[in-house]
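K.L.:
Okay, predicted coordinates and the sequence, questions at the end:
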Amino acid sequence: MDYIDTDIGDPQIEISNLRYKYPNCEDWVINSINLSISQGSLSVLLGPTGCGKSTLLKLLRGFSTELKGSIDGQIKINGENILSKDISQLSLYVSLLFQNPKYQLHQLRVFDEVISGPIYQGLQWDDCKSRAHLAITKVGIQSILQKKSLELSTGQQQMVALASSLSLDSNILLLDEPFSYLDTNGIKKLAGFLKELKEDGLTIIVATHNIEAIRNITDRIIIISKGSIFRDLYSFDSLPTNEISNLIGKPMWAKIAEDVDPDLIRKENISSWSSLLSTVNRDSILPYLRSPVKKRSKKCIEVKNISYSYSNKVKALSNLDIDIYEGEIIGFIGKSGSGKTTLAKIILGLIKSDKGEVQIFGKNINNLKPQAKAKIVGYVSQNPSDTLFSESVYKECLFTAETLNLPNAHERVMTILSELGLQHLQTKHPHSLSSGQQRLLSIASVLISDPEIIILDEPEFGLDRKVWENINQILFEYNQRGNTVILISHNLETAYFTCDRLALINEGIIVNIGSPANILTDESLSRIGLNPPTFIEIL
Amino acid sequence: MNSISTSVLSPIHSLEVRTKFFGLLFLIPLCAFISSGYVSIFILLIVCLLIYLSKIPIRKFLALVIPYTVILAISLIFLSLAFSDGSVQNRLYIAMDLILKFSVVIIAGVLFSEVTNPNELPIGFLRFGLPHKLGISLMVALRMLPIIQDKISIIIDAQRARGVNLIWSISEIFTLPRNIMALFIPVIYSTLEVSVNLADTMLTRGYDPNRKITIPPGGLGLMDILFLIFCIALLVVSFFIEIPPR
């Protein structure tokens, strides 16, 4: 058994018969939730994308009026019904950290951000300062106090947002997908802080897909499906059951272990994915974990001695060389700001390097017209809404076909929508789709031209494991037709199980390149400050 | 705003925002407009001295000021020659006088923007006794600008990678409006998304536009008072002294 924390405090949050639906929507996003959360506990909200986790957190933070929907039931905090309370007064009790740290910094300087909460609460100036300094010391951001918000790394932004929430001195902390934007180091650091805050007596609720990050400090797992509580667990015991795994997905390595031995969980009486790790038959699973090295075919991309500096003279890439082969899936991994996306943009010809050149199938990418480039190399950006603008799914795909003057545009659109399972959504507005469907649509609008190479920037971002598995499958099928995939990711598990080869990039140079097994077990990974994923211990 | 010197500390940077606002954006431009003849040149020299004291790299400062000043000079010479009375020499004299006055305004304005950290402005607004809604709105707008700029560049890259041609050409005249929409709509959507996110953040921090917030204390220091006295003295000199006398 993994653990059960039976030392439960008094209920601090009590939710009874809570129902909520957004304006102009027929379905209840939150449907009859009854929940009691103890003081000083850390609870995790798990569930597929769009199941209502974020809405529940917003309602707990008092957004019921701002969301402008219909609401039934009660939310009591410390015995008081908060649905009748003003949202600004609730900052005394509850603070909420959103998913994207960049958008939670509304001040221009770090110190102003941290002190903003007490200022808005109207405290005496000295109290504001002492609250801010306490939070700053707790989170350890003294060295960046005078920095501008836009100069910070994603990890630093998340820490500043956390300090700003702590300066409110509320005793309930809600976090919505706090690990999504962080690399393995950032995840570890944030998980460490959550542990400390829990020890300080804060009640913490985290909505996340990345339960492994905080598994050792979690008291309770609340699984939400279609707005209702599907399971309420006080340990990780039941997570590996098929019923739950089907809903929220499971780590890729656990899936492989089960594929190798379908009776593994039953035979070994496995209580958690983590304990599964110690019981898998390493010899039988190893061949599956070590992706076979593909035979090298022709080079399709040659990056020769590329250097690039930003306008502020900061070097992004330095004398970088890499050859990419036809039919391979290569992953660019590294910390945020390491130069992965810049390299991809240079390959795409979106920015010109200061030195060196990129050849695609023997041609200099910068000599090609935009349409010609797009027919050869497709690009799926991190946020699908960066490209979606048409009034329907069908027209979105048709736009690419028409822009690139592709023959039989209508047939192509229908084929790609059907291949990606989006046919039934063709009349829907792209922005009305779920994040997973939007991601599929942005992939469809690129694959419609059948490019020989596709570059995906953090494609698994914000998706649950089930949706990602579907996209992964589409990428594999595309690759099996002999096409090349370049994947940019800070999720090392994704990179491992998707790619044939990984290029580890740090400070604008390729530190290591090779098979995923070699890269993730090599000391170069820890040398640049990245932690290997949990399953690597099998190797 | 192209900030080139926010990290440079100088006596001018350290002045309180209200002093900088009154001195550089009100009193010194006023001096320039009521002065005449050589006194205008004297005020221009005073402003140059302030630039020197602010330790801003002169070349970068000139790069910011020269484009505006050149356009202004050409326009004023043209307008004076076309619409003023008197001889050509007199018209050119009027043009030179106006160029001097407007140059002082431009230089003082750029100096203010370079020695004032944007985060000082909302506090300045609060200390002026203006509603905090105004100061907070200004600050959020300033915060949003780089985010939106970043978003626009991401969207342009994503659409260009999709084959969208944003360079005008005769052959693409019919597709250009559609291509612009491919940029415009995601930018609008992203801007709304960013503003909603920032507004939500402010709500979670407890911001209520109708409630009183804490105003960070801060009074005028000795340097502020000396600077303001100097500006007022300059104003008196500009008003009463004419070199050469009319």
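P.N.:
Looks like it came in fine.

K.L.:
Distance from the helix or strand A:Q157 falls within to the middle of the chain?
P.N.:
A:Q157 belongs to helix A:154-166 when assigned by DSSP states H and E. A distance of 17 Å separates the centroid of the chain from that of helix A:154-166, by C-alpha atoms, centre = their mean, to the nearest Å.

K.L.:
Could you pull up the mean pLDDT of that helix?
P.N.:
Across helix A:154-166, pLDDT averages out at 90.

K.L.:
Sheet-wise, list the partners of the helix or strand just after it with their directions.
P.N.:
Reading on from helix A:154-166 to the C-terminus, the next helix or strand found by DSSP H and E is strand A:172-176. Applying DSSP bridges, strand A:172-176 is found paired with strand A:94-97 (parallel), strand A:203-207 (parallel).

K.L.:
hmm, back to that, helices or strands next to the helix holding A:Q157 in the packing?
P.N.:
Applying 3 or more C-beta pairs under 8 Å, 6 or more residues apart in numbering or on different chains; DSSP states H and E, we find helix A:154-166 packed against strand A:94-97, helix A:110-120, helix A:125-139, helix A:184-199. Where C-beta positions appear, they are placed from N, C-alpha and C, glycine not excepted.

K.L.:
Pipe these into TSV and attach mean pLDDT per row.
P.N.:
Output for the helices and strands packed on helix A:154-166, formatted as TSV (pLDDT from 0 to 100):
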stretch	mean pLDDT
strand A:94-97	94
helix A:110-120	91
helix A:125-139	93
helix A:184-199	88
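
K.L.:
follow-up on the earlier one: what's the angle between the helix holding A:Q157 and helix A:184-199?
P.N.:
20 degrees (axes from the mean of the first three to the mean of the last three C-alpha atoms, to 10 degrees).

K.L.:
Put the alpha carbons of helix A:154-166 into PDB.
P.N.:
Coordinates of each C-alpha in helix A:154-166 appear next as PDB, following Å, rounded to 0.1, in the frame of the first residue of the first chain:
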ATOM      1  CA  THR A 154       8.600  30.500 -16.300                       C
ATOM      2  CA  GLY A 155       9.700  28.800 -13.100                       C
ATOM      3  CA  GLN A 156      10.500  32.200 -11.500                       C
ATOM      4  CA  GLN A 157       7.200  33.500 -12.700                       C
ATOM      5  CA  GLN A 158       5.400  30.600 -11.000                       C
ATOM      6  CA  MET A 159       7.400  31.200  -7.800                       C
ATOM      7  CA  VAL A 160       6.400  34.900  -7.800                       C
ATOM      8  CA  ALA A 161       2.800  34.000  -8.400                       C
ATOM      9  CA  LEU A 162       3.000  31.600  -5.400                       C
ATOM     10  CA  ALA A 163       4.600  34.300  -3.200                       C
ATOM     11  CA  SER A 164       1.900  36.800  -4.200                       C
ATOM     12  CA  SER A 165      -0.800  34.300  -3.200                       C
ATOM     13  CA  LEU A 166       1.000  33.600   0.100                       C
END
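
K.L.:
Show me the contact partners of that helix.
P.N.:
The contact list for helix A:154-166 (C-beta atoms under 8 Å, 6 or more residues apart in numbering or on different chains) reads A:95-98, A:101-102, A:104-105, A:110, A:113-114, A:116-117, A:134-136, A:138-141, A:144, A:149, A:152, A:173, A:178, A:181-183, A:185-186, A:189-190, A:193, A:197, A:336, B:204-205.

K.L.:
residues in contact with B:F33?
P.N.:
B:K101.

K.L.:
Give the buried residues for the strand or helix carrying it.
P.N.:
Assigned by DSSP H and E, B:F33 falls within helix B:28-34. Of the residues in helix B:28-34, B:I28, B:P29, B:L30, B:C31, B:A32 count as buried by neighbour count, 16 or more other C-beta atoms under 10 Å in any protein chain shown.

K.L.:
what mean pLDDT does it have?
P.N.:
91.

K.L.:
what separates it from the chain centre, distance-wise?
P.N.:
17 Å.

K.L.:
any idea which helix or strand comes after it?
P.N.:
By DSSP H and E, the next helix or strand past helix B:28-34 is helix B:38-53.

K.L.:
what's the next secondary structure element after that following helix?
P.N.:
helix B:58-83.

K.L.:
Show the secondary-structure elements that that following helix is packed against.
P.N.:
Here helix B:58-83 touches helix B:88-115, going by 3+ C-beta pairs under 8 Å, 6+ apart.

K.L.:
tell me the mean pLDDT over the helix it packs on?
P.N.:
Helix B:88-115 carries an average pLDDT of 90.

K.L.:
The stretch 301-450 of chain A against chain B: which residues are in contact?
P.N.:
By C-beta under 8 Å from any C-beta of the partner chain, the part of the stretch 301-450 of chain A that sits against chain B consists of A:345, A:348, A:350, A:369-371, A:373-375, A:377-379, A:381, A:383, A:385-389, A:399-400, A:403-404, A:431, A:445-446, A:449.

K.L.:
and these, which are buried?
P.N.:
The neighbour count (16+ other C-beta under 10 Å) marks A:345, A:348, A:350, A:370-371, A:373-375, A:377-379, A:381, A:383, A:385-389, A:399-400, A:403-404, A:445-446, A:449 as buried among these.

K.L.:
Narrow these to those in strands?
P.N.:
Members of those lying in strands (criterion: DSSP state E): A:V377, A:G378, A:Y379.

K.L.:
doesn't A:G349 make contact with the last one?
P.N.:
Read it as A:Y379. No. Applying C-beta atoms under 8 Å, one finds A:Y379 not in contact with A:G349, separated by 10.3 Å.

K.L.:
how is chain B carved up into domains?
P.N.:
With domains defined by automatic domain parsing, chain B comprises B:17-117+B:219-240, B:130-204.

K.L.:
want to throw these into a markdown table with distance to A:I455?
P.N.:
Conversion of those to a markdown table gives the following (distance: least, C-beta to C-beta, whole Å):
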| stretch | distance to A:I455 |
| --- | --- |
| domain B:17-117+B:219-240 | 37 |
| domain B:130-204 | 8 |
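
K.L.:
Would you mind telling me which of the ones you listed is nearest A:Q426?
P.N.:
Closest to A:Q426 of the domains of chain B is domain B:130-204 (C-beta to C-beta; 18.9 Å).
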